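S.K.: sequence plus the predicted model coming up.
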Amino acid sequence: MLIALNKPYGVLSSFTHESQSASDAGKRTLSEFGLPAGVYAAGRLDYDSEGLLLLSDEGALIHRLTDPRHKLPKTYWAQIEGVPTEPALAALRRGLKIQDYVTQPCEARALPEPPAVPERSKPVTPKGPTAWLEIVLREGKKRQVRHMTAAVGLPTLRLLRVAIGGVKLGDLALGAWRQVSVAEAFRDIEHR
């Protein structure tokens, strides 16, 4: 079974607080969304990030979805503070040194208009102009998009994952989920 969930802002990508730090006590978890028993998140989406999270009850499928060897693209929309320049976008595309690693090349472009996204439970309060970027990664380091945009001087204010492989968030309501096929997830993806 494979499930697509539209994870709201302010929700942990786990069902309990057991493996989380003491600071996570009392935070919302996936347990409140009526998901089928026995499913687990295929990867994670940070507490302060929103959007598409895939879950499965099959360990081999979770591994296939998250293993970087399969290079499953993950598409994000990032609301950033500042105005993106072509040199900043080019740096994101090439790959950047972040902490102790260099990110793989990715796709990055400025969105011409702000995307239609639901209001967030905690509104974004920018200090200046903002813009939206679309970034497509084929890897998944912790808080990678946030670190990448900060490295080029464009801190992320809001981050939504809108696609994983062939699965698109589309009009799935906030906190809602639907079953998807494995074929949908790996549609148009070359396997190695």
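M.R.: Nice, I can see it.
S.K.: now do the phi/psi pair for the residue positioned nearest the centre of the chain.
M.R.: Residue closest to the average C-alpha location in the chain (Cα atoms, centre = their mean): R161, at 3.5 Å. In terms of degrees, to the nearest 10, the main-chain angles of R161 are phi -90, psi 130.
S.K.: for it, which non-adjacent residue is spatially closest?
M.R.: In this structure, R161 finds its nearest non-sequential neighbour in G51, 3.9 Å apart by Cβ to Cβ, 6 or more residues apart in numbering. (Glycine included, C-beta is placed from N, CA and C.)
S.K.: ok, the nearest residue to L30 once chain neighbours are set aside - contacts?
M.R.: Excluding the flanking residues, the one nearest L30 by Cβ to Cβ, 6+ apart is F15, at 5.0 Å. By Cβ atoms under 8 Å, 6 or more residues apart in numbering, the residues touching F15 are 29-31, 40.
S.K.: same question, T149
M.R.: 78, 80, 92, 133, 155-156.
S.K.: quick one: it is in a strand?
M.R.: No: counting by DSSP: H, G, I helix; E, B strand; the rest coil, T149 falls outside a strand, being helix.
S.K.: buried among the contacts of F15? Need that as a selection in ChimeraX.
M.R.: Buried members of the contacts of F15, defined by 16 or more other Cβ atoms under 10 Å, are picked up in ChimeraX with:
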select :30
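S.K.: how about the contacts of F15 in CSV, adding pLDDT, distance to A88 and secondary structure?
M.R.: Below are those laid out as CSV (pLDDT from 0 to 100; distance: Cβ to Cβ, whole Å; DSSP: H, G, I helix; E, B strand; the rest coil):
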residue, pLDDT, distance to A88, secondary structure
T29, 95, 36, coil
L30, 96, 35, helix
S31, 95, 39, helix
Y40, 95, 36, strand
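S.K.: what kind of secondary structure is the residue nearest to L30 in?
M.R.: coil.
S.K.: quickly find the element holding E119.
M.R.: For E119, there is no enclosing helix or strand under DSSP states H and E.
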